[in-house]
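*Asks:* structural data only, the sequence is not supplied:
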């Protein structure tokens, strides 16, 4: 996903000299191709994210289409006020790329777990929050946001994600249906955002095998959220599940809950995520997903648990 | 007639002070001390230095300007109103319900394109604009006025490193070095040698008397330098400059001139130094002579200042 995004940025940058990429001294091996191809559109701002984001705002106010780049919480929480005051409030075309949403850097420890970022960025007015589920969504999203005025948070996984969603064009604020519930007697709707899409799809496969019909959606945009899809599903299903590699408070599940709370529908919402703790376990992304119960098996168990109640 | 021709820097600075007194008086707003210390800097910038077009605020080749010490917002509002961006009368709405003039600088009015209020944001953004000018071969300069207390913020020094590394010689920072910050003198808060610090970050450092217009003009007119360094003008100023009972008293970082002797004495003292040909839009003939009772007016805490435990131990050795 990460490499696809950089390849897409190079493509865009070759055609449009106003595309600029600023890194906070991270991206070894990843950004090299951009730097070599478009040296005049590449800036290493050093390990100084507040300045990186302020500079990005300044460049954007002069007409540049800026992408800031760092990992984990560095491009967001470390410079949150610059995002709020300098970028969002001035409607600056600054697109914040975070590599490593969730437990991508699992073994590196808690400092590198980006698990509250969606909630925090979503709370800022005029910030679009996009968490692509696969490389295809990511590439299409980058093309879209480069030419969309305003501030955007782009939360990526790292690499190796399978392409699940084969859309040809990306629409900000749209959820994409990936499978139907068919006519099975037991059925649920499952929404996910971000790179946990792969685990979610596996869980859906497992549920189908167990005789549960799943209408599955990928929500690459968390803000603005696709109210239509939520509204529609809330009318047709008894149970809706949200899946995110993020704290249970304030993130994607909360965004869906906010919409459902104002609807009069029969559906009950079940949020699957990290249950409001810092992860002190050491291990890979796959290991930590399993530990907190957001891998395919964990998701499947939760859905089956609800259905057997 | 073009207002700008009437408004030389001396006249404009006087008007900034007069508007500042009126605006804080009417609104009960804070920061008159900072507005008065920066008034000469703003007067010189808007009279003699900045390129702008009041009829075309977004003019592509204008110099970019950010008042990063956003709490002195009244000074830039007064400067741009007097420069013709909007009616001077609107200044009276400062802080008021429905006004465009928030206490800290807002870009939701013509002549200002960047909002501030949280310290340490201006320099990085100004650096980004200076870099964009370099990339696009544009000739404008990017100016930012900061406070000395503001230089406590780490982001200032992140940007200082960046600007030097990228040789942004079209970036001009002015530090309104009034030697006081929110609670105390700067050196009682976090001791610093301002000029040395900027020089250490590789900048072209110019120190001036921040109330001497010729020195300010000379420093700001042409900031190009053979080493292509960004320039910082450290303008030594007096907090509350021009109103003797406000000068160097931290109380006036917060207190506004109240009805009675405070307002009257402030206005009358300004009138004593009013340049020829400038009209006071509020009290053309000054105020009634009122006796000052400033005995309770010394609130600077330096006398009572004691450093924290460890520092005290070291100092007592």
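*Replies:* Sure thing, it's come through. No experiment lies behind these values; they were computed from the predicted model shown. Numbers count the residues shown, from 1 in each chain, chains lettered A, B, ... in the order given.

*Asks:* got any ranges where chain B has weak pLDDT?
*Replies:* Within chain B, the stretches with pLDDT under 70 are B:1-6, B:295-317.

*Asks:* which residues of it lie near chain A?
*Replies:* B:107, B:113-118, B:120-121, B:123-133, B:135-136, B:142, B:154-155, B:158-159, B:161-162, B:165-166 (CB under 8 Å from any CB of the partner chain). Using the backbone N, CA and C atoms, a C-beta is placed for each residue, glycine as well.

*Asks:* now, those residues that are in strands?
*Replies:* residue B:142 (DSSP state E).

*Asks:* which of the residues of chain B next to chain A count as buried?
*Replies:* B:113-118, B:120-121, B:123-133, B:135, B:142, B:155, B:158-159, B:161-162, B:166 (16 or more other CB atoms under 10 Å in any protein chain shown).

*Asks:* which of those residues fall in helices?
*Replies:* Among these, DSSP state H puts B:123-133, B:135, B:155, B:158-159, B:161-162 in helices.

*Asks:* not counting sequence-adjacent ones, nearest residue to whichever residue of the stretch 101-250 of chain A sits closest to chain B?
*Replies:* Taking CB to the nearest CB, chain B has its nearest neighbour within the stretch 101-250 of chain A at residue A:126, 13.2 Å off. Spatial nearest neighbour of residue A:126, chain neighbours left out: residue A:88 (4.5 Å); criterion: CB to CB, 6 or more residues apart in numbering or on different chains.

*Asks:* how close does that neighbour get to residue A:214?
*Replies:* The gap separating residue A:88 from residue A:214 is 36 Å, by CB to CB, to the nearest Å.

*Asks:* quick one: which of the two has more around it?
*Replies:* residue A:214 (26 against 22; other CB atoms under 10 Å in any protein chain shown).

*Asks:* SS state for residue A:68?
*Replies:* strand (DSSP: H, G, I helix; E, B strand; the rest coil).

*Asks:* need the residues of chain A near chain B, please.
*Replies:* A:40, A:43, A:45-46, A:48, A:50-64, A:81-82, A:85-86, A:89-90.

*Asks:* do that again at 7 Å, thanks
*Replies:* Contacts of chain A with chain B, taken as CB under 7 Å from any CB of the partner chain, map to A:40, A:45-46, A:48, A:50-51, A:54-59, A:61-62, A:64, A:81-82, A:85-86, A:89-90.

*Asks:* what subset of those is buried?
*Replies:* Those of the residues of chain A next to chain B that meet the buried threshold are A:45, A:48, A:50-51, A:54-59, A:61-62, A:64, A:82, A:85-86, A:89-90, by 16+ other CB under 10 Å.

*Asks:* so which of the residues you listed belong to helices?
*Replies:* Counting by DSSP H, these contribute A:50-51, A:54-59, A:61 to helices.

*Asks:* in chain A, which strand has the most residues?
*Replies:* Under DSSP E, chain A gives strand A:239-247 as its longest strand.

*Asks:* who are the packing partners of it?
*Replies:* strand A:186-192, helix A:252-261, strand A:268-274, helix A:296-307 (3 or more CB pairs under 7 Å, 6 or more residues apart in numbering or on different chains; DSSP states H and E).

*Asks:* so which of the ones you listed is the most surrounded?
*Replies:* Mean neighbours per residue, mean count of other CB atoms under 10 Å in any protein chain shown, is largest over the helices and strands packed on strand A:239-247 for strand A:186-192, with a mean of 25.

*Asks:* going along the chain from that strand, find the next helix or strand for me.
*Replies:* Going down the chain from strand A:186-192, the next helix or strand is helix A:197-209, by DSSP states H and E.

*Asks:* could I get the buried residue list for that following helix?
*Replies:* Buried residues in helix A:197-209, counting neighbours by 16+ other CB under 10 Å, are found at A:197-204, A:206-208.

*Asks:* and stretch B:38-51, by the same measure?
*Replies:* For stretch B:38-51, the neighbour count (16+ other CB under 10 Å) marks B:38-50 as buried.

*Asks:* turn these into TSV, including secondary structure and distance to residue B:279.
*Replies:* Below are the buried residues of stretch B:38-51 laid out as TSV (DSSP: H, G, I helix; E, B strand; the rest coil; distance: CB to CB, whole Å):
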residue	secondary structure	distance to residue B:279
B:38	helix	23
B:39	helix	17
B:40	helix	20
B:41	helix	23
B:42	helix	19
B:43	helix	16
B:44	helix	21
B:45	helix	22
B:46	helix	18
B:47	helix	17
B:48	helix	21
B:49	helix	24
B:50	coil	24
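
*Asks:* so how many other residues sit close to residue B:167?
*Replies:* 16.

*Asks:* cool, residue B:89 as well?
*Replies:* So residue B:89, with other CB under 10 Å, has 9 neighbours.

*Asks:* how close does it sit to residue B:55?
*Replies:* 19 Å.
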